[in-house]
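Chemist: just need the structure, nothing else, for what follows:
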Amino acid sequence: MLFSNEIKLLIDLGGHTHNNRLNIFFYKPAQLQISWAGYLASTGNKCIDYIIADENVIDEKNSEIFYEKILKLKNIWCHLSSSDIKE
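Modeler: Take a look at the predicted model:
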């Protein structure tokens, strides 16, 4: 750990979305760093330890392209869709 602020867990909820803060993770400020919810693909950031996914989002074939370890939870459902709301 680069900093001694004793952060145990840091979770990214945005991934590569607009105004993300992924650069913070490169400093490894937390002992355990996880990506979840806001971006269902690999962040490409080797400093993020895990990505949380459900059993249907990431299959075995695609898991090879992830830098993060994939933590598949049985009782969650991650969903990605576009909005039907017209601007």
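
Chemist: any chance you could map the helices in this protein?
Modeler: Per DSSP state H, the chain has helices spanning 60-63. These are given in chain order.

Chemist: distance check, the residue nearest the centre of it against Leu10.
Modeler: Nearest to the mean C-alpha position of the chain, by Cα atoms, centre = their mean, lies Ser35 at 1.9 Å. From Ser35 over to Leu10 the distance is 10 Å, taken as Cβ to Cβ, to the nearest Å. Using the backbone N, CA and C atoms, a C-beta is placed for each residue, glycine as well.

Chemist: who does Gln33 bridge with?
Modeler: Taking DSSP bridges as the rule, Gln33 bridges to Leu10.

Chemist: so it sits right up against Ile51, yeah?
Modeler: No: using Cβ atoms under 8 Å, Gln33 makes no contact with Ile51, being 10.3 Å away.

Chemist: not counting the helix or strand bottoming out on mean pLDDT in the chain itself, show me its contacts.
Modeler: Lowest by mean pLDDT, DSSP states H and E among the helices and strands of the chain is helix 60-63, with a mean of 80. Applying Cβ atoms under 8 Å, 6 or more residues apart in numbering, the set of residues contacting helix 60-63 from outside is Ile70.

Chemist: so who does the residue nearest to the centre of the chain touch?
Modeler: With the criterion set at Cβ under 8 Å, 6+ apart, Ser35 makes contact with Ile11, Asp12, Gly15, Thr43, Asn45, Ile48, Tyr50, Ile51, Ile52, Glu68.

Chemist: got a list of what the last one touches?
Modeler: Read that as Glu68. Contacts of Glu68 (Cβ under 8 Å, 6+ apart): Ser35, Ser42, Thr43, Asn45, Ile48, Asp49, Tyr50, Ile51.
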